[in-house]
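**Q** no sequence for this one, just the structure:
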């Protein structure tokens, strides 16, 4: 392990993190929030000092970035950047150090779980920083730095693969820096479009900007305690649904359409399955909210529900289904008061997530599809032992190595869920809250069930539990492998 080289690049990441606070500091000036401005300036100063020290440590380091250093840089880059992002919260006195790191990691990983109990009481510049971390983390911290740091070379490609969501991330251009730039340009155009549309239906520029950051990134931080329900506006909800849907799709397909392939989306089987799951889940939840369900003779009170009109049920069901499957986490209704079936559907959707190459979290549709195909082939082979099977996705044969990595990913995913649920139970959460808190952070969704439900927050959880959930966030955002390697002693030894 070339520690000096890793320190050098971490220093550059830290310096860039300081620059990312400049827009928030400008908002503090605009709103005359002088205490918040002081906090941003102090945080920027700390980041600049730390960044310079790390760069000096790596001045004479060899320039070649190998796979081991690339993996370490991706994992440590997210961990360190979250620490830098936590400084404004802590220095402003809004949150304790542990809570600040939790909130920062939740923002950067686009999880959207929060420990703020009264969002509207917080300075607007702090809320902007909170939402801005969504936007930066949605496309990827490392991807942003690859786009602006020309000297990463071949190491940038390794880092891109380590951070990109999905089992087989592919470049859009021959050079990885060009790929990163293309993705960020698409991201920027979509951001501008949503901001304009939200302002056109009555949102202020500040609110439109913050909610756009949370929508496209699949984050879910709002500037209001009631989230999107605060606006009680069908046009606002429809615009956000459309852009949540876009954020959950594969950005490589959008680029293909931009280059002239008009049918890139409809030809892609993962995207078609993505649309199908959203539509079927919306219809199922709508029907369930209208009373289509069984009534088991259970003791104790049934979940409190409210009466919905057919259009009202469709409205809240569609918004919440799109929000959860794209792992955005915005809310227009307290789905913790919905029937059991609807809540289970939402848990399943948050585990599935969006498409590979999207800003959404979860296991990704392509992995779930591959797991089903592998299971089907294995069952069929029990009575057709001589048949040779080839796993195909989108008409192409999936290499055995990729198929094996998907199986291992699912195994690690289950292990993390089980261990995380046990640990959250150990800190005092009941089963439903413990399980959903792990699932919602691991899948970077935001709200869970019961004590961590749609209208609640994570402030009550002990610090030990917040550490566990923070680890779940970064594990989910980097899709397990890049963080798991940090726990292997051999990874840190000299090659």
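**A** Sure thing, it's come through. Here the structure is a predicted model, which is why all the values come from computation and not from measurement.

**Q** geometrically speaking, which residue is the centre of this protein?
**A** residue 110 (3.7 Å; CA atoms, centre = their mean).

**Q** do you know how far the residue nearest to that residue when sequence neighbours are not counted is from residue 265?
**A** Residue nearest to residue 110 in three dimensions, not counting chain neighbours: residue 219, with 4.1 Å by CB to CB, 6 or more residues apart in numbering. Glycine gets a C-beta too; all of them are placed from N, C-alpha and C. Distance check for residue 219 against residue 265: by CB to CB, to the nearest Å, it reads 23 Å.

**Q** more neighbours, these two?
**A** It is residue 219, of residue 219 and residue 265, that has more neighbours when counted by other CB atoms under 10 Å, with 32 against 17.

**Q** mind checking pLDDT for residue 385?
**A** As predicted, residue 385 sits at a pLDDT of 68.

**Q** so where do the helices sit in the stretch 51-200 of the chain?
**A** For the stretch 51-200 of the chain, the helices defined by DSSP state H, counting those that start in this stretch occupy 67-91, 97-108, 124-139, 141-148, 154-163, 176-200.

**Q** wait, doesn't the residue nearest to residue 110 sit right on residue 328?
**A** Yes. With contact defined as CB atoms under 8 Å, residue 219 reaches residue 328; the gap is 6.6 Å.

**Q** quickly note the distance from residue 25 to residue 210.
**A** Distance from residue 25 to residue 210, by CB to CB: 16 Å.

**Q** look at these two and report which has more neighbours.
**A** Set residue 25 next to residue 210 and count neighbours by other CB under 10 Å: residue 210 wins out with 26 against 22.

**Q** who's in contact with the more buried one?
**A** When contacts are counted by CB atoms under 8 Å, 6 or more residues apart in numbering, residue 210 touches 127, 128, 131, 221, 222, 223.

**Q** helix or strand: which one has the residue of the chain positioned farthest from its centre?
**A** If you look at how far each residue of the chain sits from its centre, by CA atoms, centre = their mean, the farthest one is residue 386, at 42.8 Å. Assessed by DSSP states H and E, residue 386 sits outside every helix and strand.

**Q** now do it against residue 113, distance only.
**A** 51 Å.

**Q** what pLDDT does the closest residue to residue 285 other than its chain neighbours get?
**A** What sits nearest to residue 285 in space, not counting adjacent residues and going by CB to CB, 6+ apart, is residue 317, at 4.1 Å. At residue 317, the predicted lDDT confidence score is 96.

**Q** and residue 106, how many residues sit next to it?
**A** Using other CB under 10 Å, residue 106 has 32 other residues around it.

**Q** picking that back up, which ones are touching the residue nearest to residue 285?
**A** 282, 285, 286, 289, 342.

**Q** surely it forms part of a helix?
**A** Yes. Assessed by DSSP: H, G, I helix; E, B strand; the rest coil, residue 317 belongs to a helix.

**Q** OK, contacts around the residue nearest to residue 110?
**A** Contact partners of residue 219, counting by CB under 8 Å, 6+ apart, are 107, 110-112, 131, 134-135, 137-138, 213, 328-329, 446.

**Q** give me the buried subset of those.
**A** 107, 110-112, 131, 134-135, 137-138, 213, 328-329, 446 (16 or more other CB atoms under 10 Å).

**Q** lowest pLDDT pick from those residues?
**A** Across the buried ones among the contacts of residue 219, the smallest pLDDT goes to residue 138, namely 82.

**Q** from residue 186, how far out is that one?
**A** For residue 138, the distance to residue 186 - CB to CB - is 12 Å.

**Q** run through the helices of the stretch 251-400 of the chain in chain order.
**A** 251-258, 264-267, 269-289, 310-325, 340-352, 365-381, 400-426.

**Q** what residues does the shortest one touch?
**A** Residues outside helix 264-267 that contact it (CB under 8 Å, 6+ apart) are 249, 253, 256, 257, 271, 272.

**Q** before we move on, what about the fifth one?
**A** Residues outside helix 340-352 that contact it (CB under 8 Å, 6+ apart) are 277, 281, 284-285, 288-289, 293, 303, 317, 320-321, 324-325, 327, 335-336, 361-365, 368, 436, 439-440, 443, 445, 449.

**Q** from start to finish, how long is stretch 321-335 in a straight line?
**A** Stretch 321-335 has its terminal residues 10 Å apart, counting by CA to CA, to the nearest Å.

**Q** mind listing what's buried in it?
**A** So, applying 16+ other CB under 10 Å, buried residues of stretch 321-335: 321-335.

**Q** closest one to residue 465 out of those, please.
**A** Nearest to residue 465 out of those is residue 329 (CB to CB; 18.9 Å).

**Q** let me see the contact set for that closest one.
**A** Contacts of residue 329 by CB under 8 Å, 6+ apart are 111, 112, 113, 219, 220, 323, 440, 445, 446, 447.

**Q** can you list those residues in JSON lines and add distance to residue 64?
**A** Converted to JSON lines, the contacts of residue 329 look like this (distance: CB to CB, whole Å):
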{"residue": "111", "distance to residue 64": "34"}
{"residue": "112", "distance to residue 64": "38"}
{"residue": "113", "distance to residue 64": "39"}
{"residue": "219", "distance to residue 64": "35"}
{"residue": "220", "distance to residue 64": "40"}
{"residue": "323", "distance to residue 64": "44"}
{"residue": "440", "distance to residue 64": "40"}
{"residue": "445", "distance to residue 64": "39"}
{"residue": "446", "distance to residue 64": "40"}
{"residue": "447", "distance to residue 64": "44"}
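
**Q** out of those residues, flag the one nearest to residue 38.
**A** Ranked by distance to residue 38 (CB to CB), the contacts of residue 329 are led by residue 219 at 26.5 Å.

**Q** pLDDT value on that closest one, please?
**A** 88.

**Q** likewise the one 5 residues further on?
**A** As summarised for this prediction, residue 224 has a pLDDT of 94.

**Q** what's the neighbour count on it?
**A** 15.

**Q** run a quick neighbour tally on the closest residue to it other than its chain neighbours.
**A** Nearest non-adjacent residue to residue 224, counting by CB to CB, 6+ apart: residue 230, 3.9 Å away. For residue 230, the neighbour count with other CB under 10 Å is 15.

**Q** surely residue 230 touches residue 222?
**A** Yes. At 7.3 Å, residue 230 counts as touching residue 222 under the criterion of CB under 8 Å.

**Q** residue 16: which of the helices of the stretch 51-200 of the chain is closest?
**A** helix 141-148 (6.2 Å).

**Q** so which residues make contact with stretch 452-460?
**A** Contact with stretch 452-460 is made by 99, 102, 113-117, 331, 333-336, 429, 433, 436-437, 440, 447, 451, 461, 466, 469, as judged by CB under 8 Å, 6+ apart.

**Q** tell me the buried residues within those.
**A** 99, 102, 113-116, 331, 333-336, 429, 433, 436-437, 440, 447, 451, 461, 466, 469.
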